[in-house]
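J.: from the sequence below, what's the structure:
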Amino acid sequence: MSSTGSTGSTRSVRSARATSTSAPVASAAAHSALTPYGWDDAWEAAFVPYAERGLLPGRVLRVDRGRCDVVTPVGVVHADTEFVVPRDPMKVVCTGDWAAVDPEGGDPRYVRALLPRRTAFVRSTSSKRSEGQILAANVDHVIVAISLAVELDLGRVERFLALAWESGAQPVVVLTKSDLVSDPTVLSHLVEDVRTTAPGVPVVAVSALYDDGLDGLIPLTGGGTSVLLGTSGAGKSTLANALVGADVMDTGDTRDVDGKGRHTTTTRNLFALPGGGVLIDTPGLRGVGLWDAGTGVGQVFTEIEELAADCRFHDCAHEAEPHCAVRAAIDSGDLPERRLASYRKLLRENQRIVAKTDARLRAEVRKEWKRKGAEGRAAMEMKRGKTRF
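T.: Down below sits the predicted model:
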């Protein structure tokens, strides 16, 4: 008996030693393989419960129809998301997520859990539905690509920026295809117009086709995760290829009539950048609906909100009220009328989305109450011997 107990004890000690020595090795392997993709001490600490279960850490590179490619310490693996399919569309697996995946198995393996996100870029899926769609997770910079091949739409810039600020990331506006603006004075005016529209946001004009202006963009995106957003034909894929230093994305021509392009990018893809950091390229967006972006709207229009604080009435509508600081700024030419109109438009849209979301939640609560009430009544009838057949 004592011999058996001694043997079991020895095995336990050996097992404990093996576990204690393998954990640092696994941790070192994760750091070595995943650091280029954004892995850090904070992610490692968050992963400890999953490491204890023997799972592998990894970052989602691409998602397509319930399957995803995940970069892990043992390389890129193909994984199924069956075990992490939530009812909430905001919690589905997304490019940029950090995941816990099976350490071994067939093809595909399985994603067992997602680590809590630090940031997320979310838009409304449709003006007729109160659902949000997450486009990228755990991003540090939102690169908004605006093409100079077409007339500059400052309202679209403001819309993108509102969502970018709301995501928790730092926005950057990139005016693409600057080679199409032959007059340097005109180009400088366009850049200044966007800077006025985007307070606190870096604005860079680039021609990815000729590697012009990239030296001003690369320092802004190094060392973090950047997501590249814009409409079709904005030159995102060409810019992505220039930043990655390889032809990783297909590119296509734009129509001469309206400057729009075809959807050469159909999925969101994550790439490690040669100078540090990672880039998530996304398909062209036809629509950019706000999604609970009240804080982001305020950030885009900081000058209006600062002026409003000096209005005589705290609920001033900035129309015909006396002592309105906002109207005074418009009358003096310090604030463009267009800015106020855009501010009001985005606020109204955001309020509608929030109201629809709340209505949906209220309806779900009422439905749950009715279900529980019906179950309670059925239980009482069973108890009283009034079972229904």
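J.: mind pulling up the pLDDT for residue 374?
T.: Residue 374 carries a pLDDT score of 70 in this model.
J.: also residue 368?
T.: What the model reports for residue 368 is a pLDDT of 64.
J.: which residue ranges of the stretch 251-389 of the chain form helices?
T.: Here the stretch 251-389 of the chain has its helices, by DSSP state H, counting those that start in this stretch, at 294-300, 302-308, 325-332, 337-383.
J.: how about the CA coordinates for the third one, as PDB?
T.: These are the backbone C-alpha positions of helix 325-332, laid out as PDB (Å, rounded to 0.1, in the frame of the first residue of the first chain):
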ATOM      1  CA  ALA A 325     -24.200  81.000 -29.400                       C
ATOM      2  CA  VAL A 326     -24.400  78.500 -32.200                       C
ATOM      3  CA  ARG A 327     -26.500  80.900 -34.400                       C
ATOM      4  CA  ALA A 328     -24.200  83.700 -33.600                       C
ATOM      5  CA  ALA A 329     -21.200  81.600 -34.800                       C
ATOM      6  CA  ILE A 330     -23.000  80.900 -38.000                       C
ATOM      7  CA  ASP A 331     -23.900  84.600 -38.500                       C
ATOM      8  CA  SER A 332     -20.300  85.600 -38.000                       C
END
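J.: what packs against it?
T.: When contacts are defined as 3 or more Cβ pairs under 8 Å, 6 or more residues apart in numbering; DSSP states H and E, helix 325-332 packs onto helix 302-308, helix 337-383. The way it works is simple: take the backbone N, C-alpha and C, and place the C-beta from them, glycine included.
J.: so which residues make contact with that helix?
T.: Contacts to helix 325-332, defined as Cβ atoms under 8 Å, 6 or more residues apart in numbering, come from residues 304, 307-311, 316, 318-319, 321, 335-337, 340.
J.: ChimeraX command for the buried members of these?
T.: Applied in ChimeraX, the following selects the buried portion of these according to 16 or more other Cβ atoms under 10 Å:
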select :304,307,308,311,316,318,335,340
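J.: CSV for the contacts of helix 325-332, including pLDDT and distance to residue 279?
T.: Formatted as CSV, the contacts of helix 325-332 follow (pLDDT from 0 to 100; distance: Cβ to Cβ, whole Å):
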residue, pLDDT, distance to residue 279
304, 96, 33
307, 96, 37
308, 96, 38
309, 95, 39
310, 96, 42
311, 96, 43
316, 93, 43
318, 94, 40
319, 92, 44
321, 92, 47
335, 96, 36
336, 95, 34
337, 96, 38
340, 97, 35
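J.: as CSV, the contacts of helix 325-332 with distance to residue 27 would be great.
T.: Output for the contacts of helix 325-332, formatted as CSV (distance: Cβ to Cβ, whole Å):
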residue, distance to residue 27
304, 49
307, 52
308, 51
309, 50
310, 55
311, 56
316, 57
318, 56
319, 61
321, 61
335, 54
336, 54
337, 58
340, 54
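J.: worst mean pLDDT among the helices of the stretch 251-389 of the chain?
T.: Across the helices of the stretch 251-389 of the chain, helix 337-383 has the smallest mean pLDDT, namely a mean of 76.
J.: which of the contacts of helix 325-332 sits closest to residue 80?
T.: residue 304 (48.0 Å; Cβ to Cβ).
J.: so who does the closest one touch?
T.: Residue 304 touches 326, 335, 339, 340, 343, counting by Cβ under 8 Å, 6+ apart.
J.: if we use 7 Å, what do you get?
T.: Residue 304 makes contact with 326, 339, 340, 343, according to Cβ atoms under 7 Å, 6 or more residues apart in numbering.
J.: about what we covered before: if you compare the helices of the stretch 251-389 of the chain, which one is most tucked away?
T.: helix 294-300 (a mean of 21; mean count of other Cβ atoms under 10 Å).
J.: ok, residues contacting that one?
T.: Contacts with helix 294-300, where a contact means Cβ under 7 Å, 6+ apart, come from 158, 161, 162, 163, 165, 166, 305, 346, 347, 350.
J.: do that again at 6 Å, thanks
T.: Contacts to helix 294-300, defined as Cβ atoms under 6 Å, 6 or more residues apart in numbering, come from residues 158, 161, 162, 165, 166, 305, 346, 347, 350.
J.: show me which of the residues you listed is closest to residue 132.
T.: When the contacts of helix 294-300 are ranked by distance to residue 132 (Cβ to Cβ), residue 166 comes first, at 10.9 Å.
J.: my read: the closest one touches residue 293, true?
T.: Yes: shown here, residue 166 and residue 293 form a contact pair, counting by Cβ atoms under 6 Å, at 4.1 Å.
J.: poorly predicted segments of the stretch 51-200 of the chain, please.
T.: The stretch 51-200 of the chain contains residues with pLDDT under 70 at 126-130.
J.: how about the helices in it?
T.: Taking DSSP H, counting those that start in this stretch as the criterion, the stretch 51-200 of the chain carries its helices at 154-167, 184-197.
J.: identify each buried residue in the last one, please.
T.: Of the residues in helix 184-197, those with enough neighbours to count as buried (16+ other Cβ under 10 Å) are 187, 190, 191, 194, 197.
J.: again, but for stretch 42-54
T.: Using 16+ other Cβ under 10 Å as the test for burial, stretch 42-54 gives 43, 47, 50, 51.
J.: okay, strands next: where are they in the stretch 101-250 of the chain?
T.: 109-114, 120-126, 129-137, 141-147, 170-176, 203-205, 225-229 (DSSP state E, counting those that start in this stretch).
J.: pLDDT at residue 8, what is it?
T.: pLDDT for residue 8: 45.
J.: before we move on, the earlier item: now the helices of the stretch 51-200 of the chain in JSON lines, with distance to residue 121?
T.: Output for the helices of the stretch 51-200 of the chain, formatted as JSON lines (distance: least, Cβ to Cβ, whole Å):
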{"stretch": "helix 154-167", "distance to residue 121": "4"}
{"stretch": "helix 184-197", "distance to residue 121": "20"}
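J.: can you tell me which of those is nearest to residue 280?
T.: Minimum separation from residue 280 across the helices of the stretch 51-200 of the chain (Cβ to Cβ) falls at helix 154-167, 12.2 Å.
J.: what angle do that closest one and strand 225-229 make?
T.: Per axes from the mean of the first three to the mean of the last three Cα atoms, to 10 degrees, the angle that helix 154-167 makes with strand 225-229 is 150 degrees.
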